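S.K.: The following comprises the amino acid sequence and a computationally predicted model.
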Amino acid sequence: MCTDPEDWTGLPAAWVARHQHNPELISLWEEKMAKFKETIRTARQLYDSGVRWWTKEAIRDLDKQLERIRRSEPGHHEVTRTDLLGKQDKFLVSTGRSGRFVDESGREHFPSQKPHINYQTYETLCFVHHPFDTCLSPDLHTLRVGQYDQEVDPLTGKYVTPFPLYSLDEVRLRFVENKSAFEASQLWKDLLCTLDNSFSGIRIMRVRKIIVFATSTPSWKIEHLENRDAGARPENSDSSKVIADGEERYVHDDRAIVQLSLGLLLRDYLTRYYQSHSIDEDQEAADPGEQIKVYAQEPCFTENDKTVLGEHGFEVLEDPHGFLEMDEGTAVVCFNADVPVRSLTAELARPAMMIWNKCEEESEHAHVPREEYMVRYGNRDVEGEEVEGVGDMEEEEEGQYCCQWTDPVTPRVMKMVREEYAEADFPDGPGYYRNFGPDPAIYVRLPPKTKTLNHSEAKP
């Protein structure tokens, strides 16, 4: 993905020319680059030899340490972690005013009191866009600690939310309306047909829990999206248009609710499925009174979100507990995530079903080096300096690029879906891309010793 550090012949010529008066700086960065390349070489050897990139044990251990910090007074806290070679090191995590900084506008920011786990993927470690992207501080740690910098209101001293929030009653109403609209839509009807027809040749393994990841929050009033949705559209545009009671209408930024609703509707579908289908002999029979549990994990959920989701049968999990819950009796639902759900799944579990963006080895935008991407589509030059950019990337193209980078398809992900799962594409139609991102697909785990099927082979 992107550029291979093994192909680097040196620092960017433009940067070297700019700093030619400072040979010590150039020498320092050349040394860092050499060390970085050696670290990547080691990481690839470990990956190719089958070393686990993440384990539930390592994730659980780091989460316990961070939970202790969340419950502690603001300050500096020591954390221990283990790298791919089994070596441990310690570092400090700062919370509260100990990490205060002031932005260009004079507004105060503080690290969130909730440090979280960052997952360093195979791609982000071993394939980078540009030497300066890495800050050239290489290591073999696949679990890191992140914190969201949040603006603080100078009058109240409370953290400022990125967007205004809907009230609890407004979230309740929006959830009910949009769930009902999605359930009545042609898209959901087509999805039911896909589930019924594409996997009729195999039995869906017993699902006892559904976990919906990375939906964003239903509570944010994202005004520019609402204003965009309020305007007229070409007849065939892919927008938030849904069909309910025979009438077409536009809704606001509802993709979070649609994705969460998919989890609920999938629960209902699978409940009916297991009532009418037998299970394989090697699977444990379910208790007739057992209900499929539905979980949701999203760090941006507000208290109002959690209340409403609880009213609809969800149990909200904090990161990383959704990943720790995954097992062979799980259905994973996730689209266009900014966390590597697909990579984590391949390392931690073999779910009965995954509904997420299609797994493909290559993407047009995955191979656009970051410096070219930022000049073509953004507002940065090859060294990251802010400049006027053309910004001509279409929304769907940008979604494909971001999905490949934040939730990459690693070699282990491809091996998993090719050898162990049947695949079926989502039906096309209004709301397809807007609600689910680029190329969503359904993956159902095959029985042992069954050859790989795609959606056309699975039909009778």
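M.R.: Alright, I've got the coordinates. Everything quoted here is computed from the prediction, not taken from an experiment. Numbers count the residues shown, from 1 in each chain.
S.K.: going forward, measure contacts and count neighbours with C-alpha atoms only.
M.R.: OK.
S.K.: pull the CA atoms of stretch 302-315 into CSV?
M.R.: Coordinates of each C-alpha in stretch 302-315 appear next as CSV, following Å, rounded to 0.1, in the frame of the first residue of the first chain:
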residue,chain,number,x,y,z
THR,A,302,-23.1,10.7,23.7
GLU,A,303,-25.1,9.9,26.8
ASN,A,304,-28.3,10.5,24.8
ASP,A,305,-27.1,8.0,22.2
LYS,A,306,-26.5,5.4,24.9
THR,A,307,-29.9,6.0,26.4
VAL,A,308,-31.7,5.6,23.0
LEU,A,309,-29.7,2.6,21.9
GLY,A,310,-30.4,0.9,25.2
GLU,A,311,-34.1,1.5,24.6
HIS,A,312,-33.8,-0.3,21.3
GLY,A,313,-32.0,-3.3,22.7
PHE,A,314,-28.3,-2.3,22.2
GLU,A,315,-25.6,-2.8,24.8
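S.K.: What is the neighbour count of the nearest residue to K90 once chain neighbours are set aside?
M.R.: The shortest distance from K90 to any non-neighbouring residue, by Cα to Cα, 6 or more residues apart in numbering, is to T80 (4.5 Å). When neighbours are counted by other Cα atoms under 10 Å, T80 registers 12.
S.K.: Same check on I257?
M.R.: Neighbours around I257, by other Cα under 10 Å: 25.
S.K.: And for A43?
M.R.: Applying other Cα under 10 Å, I find that A43 has 22 neighbouring residues.
S.K.: tell me the contacts of it?
M.R.: Applying Cα atoms under 8 Å, 6 or more residues apart in numbering, we find A43 in contact with L84, C126, L140.
S.K.: distance of it from T142?
M.R.: 10 Å (Cα to Cα, to the nearest Å).
S.K.: Name the SS class of F335, please.
M.R.: Classification of F335 using DSSP: H, G, I helix; E, B strand; the rest coil returns coil.
S.K.: check contacts around it.
M.R.: If a contact means Cα under 8 Å, 6+ apart, then F335 has F213, A214, T215, I355, W356, N357, F436, G437, P440 as its contacts.
S.K.: Export those to a markdown table and append columns for distance to E31.
M.R.: Shown next, in a markdown table, are the contacts of F335 (distance: Cα to Cα, whole Å):
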| residue | distance to E31 |
| --- | --- |
| F213 | 40 |
| A214 | 38 |
| T215 | 41 |
| I355 | 44 |
| W356 | 41 |
| N357 | 39 |
| F436 | 43 |
| G437 | 41 |
| P440 | 43 |
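S.K.: which ones among those are found in helices?
M.R.: Counting by DSSP state H, the contacts of F335 place F436 in helices.
S.K.: ok, the contacts of A43 vs V160, which is closest?
M.R.: Nearest to V160, judged by Cα to Cα, of these is L140 at 35.2 Å.
S.K.: Next, count neighbours for the closest one.
M.R.: By the criterion of other Cα under 10 Å, L140 has 19 neighbours.
S.K.: residues in contact with it?
M.R.: Shown in contact with L140 (Cα under 8 Å, 6+ apart): T39, A43, D83, L84, L85.
S.K.: Distance check, it against D63.
M.R.: When distance is defined by Cα to Cα, L140 is 19 Å away from D63.
S.K.: on that earlier part again, of the contacts of L140 - the most surrounded one?
M.R.: Neighbour max across these (other Cα under 10 Å) = A43, 22 neighbours.
S.K.: Can you name the next helix or strand after the helix or strand harbouring that one?
M.R.: In the assignment (DSSP states H and E), A43 maps to helix 23-48. Remark: after helix 23-48, the chain's next helix or strand is helix 56-70, criterion DSSP H and E.
S.K.: what's the next secondary structure element after that following helix?
M.R.: Going down the chain from helix 56-70, the next helix or strand is strand 76-82, by DSSP H and E.
S.K.: List the buried residues in that next one.
M.R.: Buried residues in strand 76-82, counting neighbours by 16 or more other Cα atoms under 10 Å, are found at H77, R81, T82.
S.K.: got the contact list for the second one?
M.R.: R81 makes contact with L62, Q88, D89, K90, H141, L143 under the criterion Cα under 8 Å, 6+ apart.
S.K.: mind redoing it with 7 Å?
M.R.: Contact analysis of R81 by Cα atoms under 7 Å, 6 or more residues apart in numbering lists L62, Q88, D89, K90.
S.K.: From the residues you listed, list just the buried residues.
M.R.: Buried members of the contacts of R81, scored by 16+ other Cα under 10 Å, are L62.
S.K.: can you give me the helices for the stretch 251-400 of the chain?
M.R.: 255-276, 303-311, 321-325, 341-348, 370-377, 395-406 (DSSP state H, counting those that start in this stretch).
S.K.: Show residues contacting the second one.
M.R.: Contacts made with helix 303-311 from outside it, assessed by Cα under 7 Å, 6+ apart, are listed as L168, R172, P218, S219, V316.
S.K.: switch the cut-off to 6 Å
M.R.: With Cα atoms under 6 Å, 6 or more residues apart in numbering as the test, helix 303-311 has contacts from L168, R172.
S.K.: same check, this time on the longest one
M.R.: Among residues not part of helix 255-276, those counted as contacts by Cα under 6 Å, 6+ apart are K179, T215, S216, P218, N435.
S.K.: If we go by neighbour counts, what in it is buried?
M.R.: Buried residues in helix 255-276, counted by 16+ other Cα under 10 Å: 255-267, 270-271, 274.
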